[in-house]
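J.: based on what follows, work out the 3D shape:
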Amino acid sequence: MMNRMIAANLVHRPLRSLISVIAIALEVTLILLIVGLSLGMLHDNGQRQAGIGADVIVMPPGSSFFMGITGAPMSIKIGDKLRALPHVAVVSPVVQDVSTNGSLEIISGIDLDSYEKLGGPFLYLSGGPFQGPYDALVDDLIARSNKIKVGDTISVLSHSFQVSGIVEHGKGARKFIPLATMQDLLGAQGKASIFYVKADKPQNAGLVSKEISQVRGLEGYRALSMADYLTFFTPSNTPLLKSFIEVVIGISMVIGFIVIFQAMYAAVMERTREIGILKSMGASKLYIVQVILRETILLAIAGVVVGIIFSVLARFGLRRAKPLTQIEISAIWVLWATLIAITSSIIGALYPAYKAARKDPVDALAYE
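T.: Next comes the predicted model:
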């Protein structure tokens, strides 16, 4: 009986019900897309670092954990000290710099031979390795996003480079140029921003890190196993990301609260006479509260379903239009978005439900 009455109430006011559902759907979509975009970019960066194939990463003091970029790059001769260690198989120096030409991206200057020895050679989808100092490699995602083909000229650090090859994504940066060329462009001849180290055995990564810290002159340098380094690519270890996610969730909850409060409060005012009839027939305060809250939960569930559908469609559309856009919609965040939407909706409906339950049946029946 109660369920039929709730369904009839929602159908009787289709526009208000639809607006409430869409508002809750937007709340869910806001959480899933913004949080998904943040986590997607973070995890994509971590996966690309892991794809390089190094076991240990060496950075100078004061460098960023996430990029290995610093204003005080290391001498390339440090590589010779690293290669002399007993459990080191490969050392690859890399010079990295940030380009803000149109979008923020990391450019890597690499020694192609040693870089490919870390985790295997690049998989060339078209073209091939560097043929000259002003050749560049780009990954397939940035090539598809910017419609780049082999032989095209692109701008890297305000200089023209010819694309010699398009490679499969997942091996560090998205654009690569020769190490010597990067050093010349930055005025950092004989310098490196970061060293990637391959141990003789993966299980010796921790031992190699310890050995590096004991090398004279390298005591203050950051030498981390790749496994330890990748733990920094989480929200809790990323500066401001956790706070950003909390702000997004807070804004979403406020949206859900306001919309449901307004909708249910207006519904209670419109159904004053109906509530009076129910109470005159013996309906308890708890019964009235249950009617309001069940109606709210039904709207919230419908909004959650629509919001998830919106998010999946938006993710699909964005990935097709912008291949570099990484949006991660995980089951755990779908669950969190559902709980947040339902909780904010229930909180928004509590006062209208309380007000409805306290209505005097005589006054309600006399209400016009």
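
J.: now stretch 307-314: how far from the chain's centre is it?
T.: The chain centroid and the centroid of stretch 307-314 are separated by 16 Å under Cα atoms, centre = their mean, to the nearest Å.

J.: what's next to it, contact-wise?
T.: In this structure, residues lying in contact with stretch 307-314 by Cβ atoms under 8 Å, 6 or more residues apart in numbering are 24-29, 32-33, 36, 327, 329, 334, 337, 341. Where C-beta positions appear, they are placed from N, C-alpha and C, glycine not excepted.

J.: make CSV from those residues and add pLDDT to it.
T.: Formatted as CSV, the contacts of stretch 307-314 follow (pLDDT from 0 to 100):
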residue, pLDDT
24, 87
25, 89
26, 87
27, 87
28, 91
29, 91
32, 91
33, 91
36, 90
327, 88
329, 89
334, 93
337, 90
341, 88
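
J.: for those, which one is nearest residue 138?
T.: Residue 138 lies nearest to residue 327 out of those, by Cβ to Cβ, at 21.9 Å.

J.: in contact with the closest one, which residues?
T.: Contact analysis of residue 327 by Cβ under 8 Å, 6+ apart lists 33, 36, 37, 40, 314, 315, 318, 319.

J.: so which of these is the most crowded?
T.: Counting neighbours by other Cβ atoms under 10 Å, the top entry in the contacts of residue 327 is residue 36, with 22 neighbours.

J.: if we can go back for a sec, show me the contacts of residue 327 that map onto helices.
T.: Judged by DSSP state H, the contacts of residue 327 include 33, 36, 37, 40, 314, 315, 318, 319 as members of helices.

J.: nearest to residue 15, of these?
T.: residue 314 (24.5 Å).

J.: can you put the contacts of residue 327 in a markdown table and add distance to residue 164?
T.: Formatted as a markdown table, those follow (distance: Cβ to Cβ, whole Å):
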| residue | distance to residue 164 |
| --- | --- |
| 33 | 36 |
| 36 | 35 |
| 37 | 32 |
| 40 | 29 |
| 314 | 36 |
| 315 | 33 |
| 318 | 30 |
| 319 | 27 |
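
J.: tell me where the chain has strands.
T.: If DSSP state E is used as the criterion, the strands of the chain fall at 56-59, 74-75, 88-99, 105-110, 124-127, 135-139, 153-156, 159-167, 175-178, 191-192, 194-199, 222-225.

J.: hmm, back to that, now the contacts of stretch 307-314 as TSV including distance to residue 81?
T.: Below are the contacts of stretch 307-314 laid out as TSV (distance: Cβ to Cβ, whole Å):
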residue	distance to residue 81
24	60
25	58
26	56
27	55
28	54
29	52
32	48
33	47
36	43
327	42
329	45
334	49
337	50
341	56
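
J.: nothing else from me, thank you.
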